[in-house]
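Enquirer: Here is my input; please provide its structure:
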Amino acid sequence: MPAKSDGAVSAELARTAWSALEPLHALIYFTPEAEPGYAEIGLEARTGAAYFASRSAAMGAVGPGPVAAAFYNFNPALVASVLPEAWRTAPPERVVRARFAVADRALSAALGPELLDSPGLAEAAELARTAALGAAGHGYGRPLYAGHADLDWPESPHLVLWHAATLIREFRGDGHVALLAQAGVDPAEALVTHVAAGPYKASTLRRTRAWSEQDWAAAVDRLAGRGLVEAGGDPEAPVFTDAGRKLREELERRTDELSVPAFAALGAEGTARLAELAAPLRDAVLAAGVLPGTRRKR
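Expert: Modelled structure (predicted):
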């Protein structure tokens, strides 16, 4: 039974619960099960078709413009290179089924039978479902959340948990995109702030999001002109100014605040319980060595 809603959920607690759930969702993008799973329906991971189609399929056969807008930090030309062609290869309904199949195999491999069949996972699944459903009353302005919220719920507890984690993730992400737009931080600039804030390489983000070196350098220059990164530095290693660091911290704080409705139905006690139950599942996913930064050396 889901925990009774009790006490307001703080932004910090919402972040803690999301952090525990996020690796369970993110596994879908990095699992070795993804490439063959999508190849079965004709979508190639190498071209980006599998990623863009699988993440946007819940919204239907949508065109490249809305997908680029919703995903935010990808070069629209990259999205247009695979959509709408991907829908002619595999219609959205088929892509959604393939994505759940990939999630099934990925979680089964990462968690193993002991965790997969555990009471803790089953309880976490129901708590996460309650949270994700409760967020529906705040779905306006959140297109990726709303698209996935329209999908039928799976039956297996581990897939219920994965789908709920996906809904919570997209709910949070949609809110973050709105804040970036409000702050006047464009897609390429958002990636520059990722590099300035953490252990991300400019070359990796440029390559995966299809921005040229010229695009990147121009984004760094724009941020420097606003006093958010230091001027005249290496564009491959941008450094925040105090103002830039403050803006980044404010965006993260506000993102946490906007994500609170995704947990409000659980209350503070239920949200803390969800984070507690998700922690060993998260740790198992991280230990599997599939996510970036956790990959094992061979």
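Enquirer: so where's this protein uncertain?
Expert: Residue ranges of the chain with pLDDT under 70: 1-6, 295-298.
Enquirer: Can you tell me the SS state at the residue nearest the centre of it?
Expert: In the chain, the residue lying closest to the centroid (C-alpha atoms, centre = their mean) is Arg169, at 5.2 Å. Classification of Arg169 by DSSP: H, G, I helix; E, B strand; the rest coil places it in helix.
Enquirer: do Ala61 as well
Expert: Relying on three-state DSSP, one would call Ala61 coil.
Enquirer: who touches the residue nearest to the residue nearest to the centre of the chain when sequence neighbours are not counted in this structure?
Expert: Excluding the flanking residues, the one nearest Arg169 by C-beta to C-beta, 6 or more residues apart in numbering is His25, at 4.7 Å. C-beta: built from backbone N, CA, C; applies to glycine. By C-beta atoms under 8 Å, 6 or more residues apart in numbering, the contact list for His25 reads Trp162, Ala165, Thr166, Ile168, Arg169.
Enquirer: What residues does the first one make contact with?
Expert: Spelled out, that is Trp162. Going by C-beta under 8 Å, 6+ apart, the list of residues near Trp162 reads Leu24, His25, Ile28, Ala103, Leu107.
Enquirer: quick one: which helix or strand includes the last one?
Expert: Counting by DSSP states H and E, the element that carries Leu107 is helix 92-116.
Enquirer: Asp256 against Leu13, yeah?
Expert: No. Counting by C-beta atoms under 8 Å, Asp256 does not reach Leu13; the two are 9.2 Å apart.
Enquirer: coming back round to it: can you give me the buried ones in the helix holding Leu107?
Expert: 92, 94-96, 98-111, 115-116 (16 or more other C-beta atoms under 10 Å).
Enquirer: now swap in stretch 229-248 and tell me
Expert: Val229, Glu230, Pro235, Pro238, Phe240, Thr241, Gly244, Arg245, Leu247, Arg248.
Enquirer: Let me know how buried Glu12 is, in neighbour terms.
Expert: Glu12: 10 surrounding residues under other C-beta atoms under 10 Å.
Enquirer: mind checking the SS state of it?
Expert: Using three-state DSSP, the structure places Glu12 in helix.
Enquirer: Quickly note the distance from it to Ala124.
Expert: 20 Å (C-beta to C-beta, to the nearest Å).
Enquirer: Please flag which of the buried residues of stretch 229-248 sit within helices.
Expert: Gly244, Arg245, Leu247, Arg248 (DSSP state H).
Enquirer: coming back round to it: just curious, which of the buried residues of stretch 229-248 is nearest to Asp150?
Expert: Relative to Asp150, the closest of these is Arg248; by C-beta to C-beta it sits at 32.9 Å.
Enquirer: correct me, but that closest one touches Thr193?
Expert: Yes. With contacts counted by C-beta under 8 Å, Arg248 reaches Thr193, the gap being 5.6 Å.
Enquirer: what's the overlap in contacts for the two?
Expert: Counting by C-beta under 8 Å, 6+ apart, the residues touching both Arg248 and Thr193 are Phe240.
Enquirer: What backbone torsions are found at Leu43?
Expert: In terms of degrees, to the nearest 10, the main-chain angles of Leu43 are phi -100, psi 130.
Enquirer: Surely the residue nearest to the centre of the chain touches Ala17?
Expert: No. Checked against C-beta under 8 Å, the pair Arg169 and Ala17 is beyond contact range at 11.4 Å.
Enquirer: so what's the closest residue in space to Ser56 that isn't next to it in sequence up against?
Expert: Spatial nearest neighbour of Ser56, chain neighbours left out: Val67 (4.8 Å); criterion: C-beta to C-beta, 6+ apart. Applying C-beta under 8 Å, 6+ apart, we find Val67 in contact with Phe52, Ser56, Met59, Val79, Leu83.
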